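**Student:** generate coordinates for the sequence data below:
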Amino acid sequence: MRKSKTTLLFLCALFFAISPMAIGQVNHLEKKISIDLKQVRLKNALPKIAESGDFLFSYNSEIIPGDSLVSVQAENQPVNQVLKDLMGPGIRYKVLGNHVILLNNQPEKRAPKRESNPEYTITGYIYDAQTGEIITSASIYEVEGMFVSATDAKGYYSLTVPGDQEQKVLSYSKAGYIDTLIVVKPKETSSRNISLTPKPTKLNENQMQEVPMNGLNERTLVKALVPVKARITAENIPVEEQRWAQLSLFPFIGSNRFVSGLITNRFSINLFAGYAGGLKGIELGGFLNIVRKEMSGVQLSGFGNIVGNKSNGVQLSGFFNYDGGSFTGLQGTGFSNVVMDTVRGVQLAGFSNVLRGPMYGTQISGFSNFTSQNVDGLQASGFANIALKDVKVAQLSGFGNFTSGANKGWQVAGFMNYAKELRGVQIAPFNFADTASTGVPVGLFSYVAKGYHPLELTANELFPLNVTFKTGVSRFYNIFTAGIQRDLLTVGCGFGTQIKISKVLGVSMDLTGNYLADNRNFLRSLGAHIRFAPTLDIRLAKHLTLLLGPTLNGFAGLDHADAGTGDFPFIFSYPIKNLMIASTPVSIRLGATAGFRF
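**Tutor:** Reported below is the predicted structural model:
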């Protein structure tokens, strides 16, 4: 017996949870107005209140004592408080687009039994009030229940509703038209034709009309799972209603039926897939969750989550998350996250994160991250990161990083980095930039189009002719060098930095590693050579600089007995020390270099 009572209580709670009970009022009822009316008829006071709040009232005159005298005094008060003081508890309100509907809050008055029918059907056509042409895909909505219909290709509609109530309020809506509301009774004629007036369009002379973009309802997966009737209803009917819960098997089989796209839920369970107007709470989906407008809370899905507007909270899915607006919080998915506006938070994806907007936070993926605007945070991926504007913190990737704006932080990659403007640090084997006002590229080869890349011709202690190319920025550059003499040749690379003392004087400090070979057989190694060369740079002309200075050299593999003999004919050098390191002879010598930079 106790178990049965528990079950009964649970079923009652579930019934009330999924019943069409609005848990909050929005829009016009929350507007604050100021009004002062004394001893005016109620039917004249209501339009004044509506005018103050910039909306329209709709109601059945039989439930409103229009000729009664009322006084209204309000200073910066919400509309719902003004109406509560004016109408008392006998009237409740519902917002539908630009209308506030006044409904009887007393127990429903049933139609006399002899006149009552199980249900009744209203049919008719909907026309354009200006052109007289039929309107297809218009919606007809019974505002107190979950009964909807839509016009067909001939503009014809048929709406069936329960017939045990004395009155029904119907809304006729179509995107781009002004809504029309009527009150009908079961005993009246069941045929009703309606004309809808197009909304006025105001365009400046030089303003182009905006081209409509495909919304959420036009996405392939949404079109495949959500019936046309439900999508048309969601697009046409401007109602915002909140309910405690939704339970659905498919978007068209559930507690909210074909008006699910108009409802914001606190709690939603979608056994396979669900469709809702919004979410302010928790949504669980076996396969797919679809929210037409905004999501605030937690979405969990075995396959994917789709939100038409902004999201705030947590989205976790097995394959993908899609948000048509901004996202704030944590997104995690097995394959891909897509956000069409700003991200403030963390995106985690097994394959990719795609963002058409700025990012403030972190993107981490197994393959790639893409942001169409600034990255004010961290992008980390297994292959590549792309930002079409500035990077302010860091990009880390296994292969490459790309920004078509400024890199103001760090770019670290396994292969290459590119930034249009370098203001931070690049670390990779290959680095590229257009300009580098304050930044530094560090790698095997760095090239800045408007950077530092001179050519030098020099002579030193061993080679009378050396050709050197430097590339990067003056603060840190790569060095590629080659030299030749009668019996020897050398190739090498390294890095260096330049310090400007004045307009004509500077100091360069270069460190290179060189390969020494027989000039008749390049593959015959004769040793290795490490050189540190600080030079004084004297600018003679715009593209001509004289450089000279000492060098400190370390030669590995050079036989001490032959040093300075015919095998290694030094032009000039001073031996400092000869030693053996791991059975390899090493000679440390002082030398000098001089030449010209172009």
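**Student:** now do the helices in the stretch 201-350 of the chain.
**Tutor:** 220-225, 228-236 (DSSP state H, counting those that start in this stretch).
**Student:** and Tyr125, how close does it get to Thr197?
**Tutor:** Distance from Tyr125 to Thr197, counting by Cβ to Cβ, to the nearest Å: 16 Å. C-beta here means a position set from N, CA and C on the backbone, and glycine is covered the same way.
**Student:** between the two, who's got more neighbours?
**Tutor:** Tyr125 (18 against 12; other Cβ atoms under 10 Å).
**Student:** for the more buried one, what are its contacts?
**Tutor:** 134, 151, 154-157, 193-194 (Cβ atoms under 8 Å, 6 or more residues apart in numbering).
**Student:** ok, and the most crowded of those residues?
**Tutor:** Busiest of the contacts of Tyr125 [other Cβ under 10 Å] is Thr151, holding 24 neighbours.
**Student:** look up how far Tyr120 lies from that one.
**Tutor:** The gap separating Thr151 from Tyr120 is 19 Å, by Cβ to Cβ.
**Student:** about what we covered before: ok, which pair from the contacts of Tyr125 is furthest apart?
**Tutor:** Greatest spatial distance in those: Lys154 and Ile194, 14.5 Å, computed using Cβ to Cβ.
**Student:** what are the boundaries of the helices in the protein?
**Tutor:** Taking DSSP state H, the helices of the chain run over residues 2-18, 42-53, 79-87, 220-225, 228-236.
**Student:** which stretch in these has the least confidence?
**Tutor:** Lowest mean pLDDT within the helices of the chain: helix 2-18, a mean of 39.
**Student:** please parse the protein into its domains.
**Tutor:** 20-104, 119-196, 220-443, 455-597 (automatic domain parsing).
**Student:** any idea how far the last one is from the chain center?
**Tutor:** On the basis of Cα atoms, centre = their mean, to the nearest Å, domain 455-597 is displaced by 52 Å from the centre of the chain it belongs to.
**Student:** let me see the contact set for Val143.
**Tutor:** Counting by Cβ under 8 Å, 6+ apart, Val143 makes contact with 94, 96, 101, 103, 169-171, 181, 239.
**Student:** return the member of the residues you listed nearest to Thr535.
**Tutor:** Using Cβ to Cβ, Val239 is the member of the contacts of Val143 that lies nearest Thr535, at 78.6 Å.
**Student:** neighbours of that closest one, just the number please.
**Tutor:** Considering only other Cβ under 10 Å, Val239 is surrounded by 23 other residues.
**Student:** what's the answer for Lys38, then?
**Tutor:** Counted with other Cβ under 10 Å, residues neighbouring Lys38 total 9.
**Student:** before we move on, what about Lys470?
**Tutor:** Neighbours of Lys470 under the rule other Cβ under 10 Å: 22.
**Student:** so how far is Asn478 from it?
**Tutor:** 7 Å.
**Student:** pick the one among the contacts of Tyr125 closest to Ile386.
**Tutor:** Thr151 (46.1 Å).
**Student:** now do the same contact list for that closest one.
**Tutor:** Counted by Cβ under 8 Å, 6+ apart, Thr151 has contacts 125-126, 134-138, 140, 157.
**Student:** and what of Ala138?
**Tutor:** Taking Cβ under 8 Å, 6+ apart as the test, what Ala138 contacts is 126, 150-151, 155, 157, 172-174, 177, 196, 236.
**Student:** same thing but at 10 Å, please
**Tutor:** Residues near Ala138 by Cβ atoms under 10 Å, 6 or more residues apart in numbering: 125-127, 149-152, 155, 157, 172-175, 177, 194, 196, 232, 236.
**Student:** same check on Val391?
**Tutor:** So Val391 contacts 359, 371, 374-379, 385, 401-403, 405-411, 419, 423-424 (Cβ under 10 Å, 6+ apart).
**Student:** how about 7 Å then?
**Tutor:** Contact partners of Val391, counting by Cβ atoms under 7 Å, 6 or more residues apart in numbering, are 375, 403, 407-409, 411.
**Student:** how close does it get to Gln331?
**Tutor:** Note on Val391: its distance to Gln331, by Cβ to Cβ, is 20 Å.
**Student:** related to what we said a few turns ago, out of the contacts of Thr151, list just those in strands.
**Tutor:** With strands defined by DSSP state E, the entries of the contacts of Thr151 inside them are 125-126, 140, 157.
**Student:** just give me the least confident of the residues you listed.
**Tutor:** Across the ones in strands among the contacts of Thr151, the bottom pLDDT score, 88, is held by Ile140.
**Student:** go ahead and confirm it touches Leu159.
**Tutor:** Yes: using Cβ atoms under 7 Å, Ile140 and Leu159 qualify as a contacting pair, with a distance of 4.9 Å.
**Student:** surely Leu547 and Ala592 touch.
**Tutor:** No: with contact defined as Cβ under 7 Å, Leu547 and Ala592 do not form a contacting pair (11.3 Å).
**Student:** who has more neighbours, the two?
**Tutor:** Shown here are Leu547 and Ala592; by other Cβ under 10 Å, Leu547 has more neighbours (20 against 17).
**Student:** give the bridge partners for the more buried one, please.
**Tutor:** Going by DSSP bridges, Leu547 is paired in beta bridges with Asp537, Gly595.
**Student:** many thanks, I have nothing further to ask.
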